[in-house]
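In: I'd like to go over a predicted model; first the sequence, then the structure.
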Amino acid sequence: MNIVDRNKQIELKVGNIVKELGVELLELKVHFSAGKNILRCIVDLPEGGITLDSCAAVNKRILSYFEESDDLYSNYAIEVNSPGLDRKLYNFKDFFKVKGRNIFLWLSEPVEGKEYLEGQVLEIDDDKLSLGVKDKILEINFNKIKVGKERIEIK
């Protein structure tokens, strides 16, 4: 089996494992480092706020799968992490979780002459979000968004 097929198989199986546990797989990367294959997963609960215990449960299930599989999956280190406070926002579900909060937004096409915006997520629908920026409301299509991040304010 070539490396592309192997990685697709791993992604499919890991995706099924996390789904069974009620968790979302946000990102999966497989790379080689220090003589080991590293499987790095970023996971979260659908409503956000994954715990360390949930990450450990996902890690344990993935590790069990690799141990039960043939030599194809030998010599792996498995890392399961939460998205952290500075989680990247890409799609409807990501922006829905931060509705009412302030975000930073990087765009692939300028909106009102700007490729970077800061504002509050006011509304979200299937293909766009409403962002309160200073004294105006901007409608921004998801296809114009490179990435967003929640603005974390420390009090």
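Out: Received the coordinates, thanks.

In: residues touching the residue most central in space within the chain, list them.
Out: The centroid of the chain falls nearest to L26 when counting by Cα atoms, centre = their mean (3.4 Å). When the contact criterion is Cβ atoms under 8 Å, 6 or more residues apart in numbering, the partners of L26 are 42-44, 83. (Each C-beta comes from the backbone N, C-alpha and C, glycine too.)

In: go again with 6 Å.
Out: By Cβ atoms under 6 Å, 6 or more residues apart in numbering, the contact set of L26 is 42, 44, 83.

In: top of the residues you listed by number of neighbours, please.
Out: For the contacts of L26, the largest number of neighbours (other Cβ atoms under 10 Å) sits with D44, at 24 neighbours.

In: measure that residue to Q9 for me?
Out: Counting by Cβ to Cβ, to the nearest Å, the gap from D44 to Q9 is 23 Å.

In: how about the strand or helix carrying the residue nearest to the centre of the chain: buried residues?
Out: Element membership of L26 [criterion: DSSP states H and E] is strand 24-33. In terms of neighbour count (16 or more other Cβ atoms under 10 Å), strand 24-33 has its buried residues at 24-26, 28, 30.

In: for stretch 135-151, same thing?
Out: Going by 16+ other Cβ under 10 Å, stretch 135-151 has these buried residues: 138, 140, 142, 145, 148, 150.

In: first to last residue in that stretch, what's the distance?
Out: 18 Å (Cα to Cα, to the nearest Å).

In: pretty sure F104 contacts K149?
Out: Yes - between F104 and K149 there is a contact under Cβ atoms under 6 Å: 4.9 Å.

In: closest one of the buried residues of strand 24-33 to D125?
Out: E24 (20.9 Å; Cβ to Cβ).

In: quick one: that closest one from V43, how far?
Out: Taking Cβ to Cβ as the measure, E24 falls 6 Å from V43.

In: likewise D94?
Out: The value you get for D94 to V43, if Cβ to Cβ is used, is 14 Å.

In: inside strands: which ones of the contacts of L26?
Out: 42, 44 (DSSP state E).

In: pLDDT-wise, what's the bottom of the contacts of L26?
Out: Ranked by pLDDT, the contacts of L26 bottom out at P83 (88).

In: hmm, it is touching L45, no?
Out: No - using Cβ under 6 Å, P83 makes no contact with L45, being 10.5 Å away.

In: quick one: residues contacting the residue located most distally from the centre of the chain.
Out: In terms of distance from the mean C-alpha position of the chain, D135 ranks first, at 30.9 Å (Cα atoms, centre = their mean). With contacts defined as Cβ under 6 Å, 6+ apart, D135 has no neighbours.
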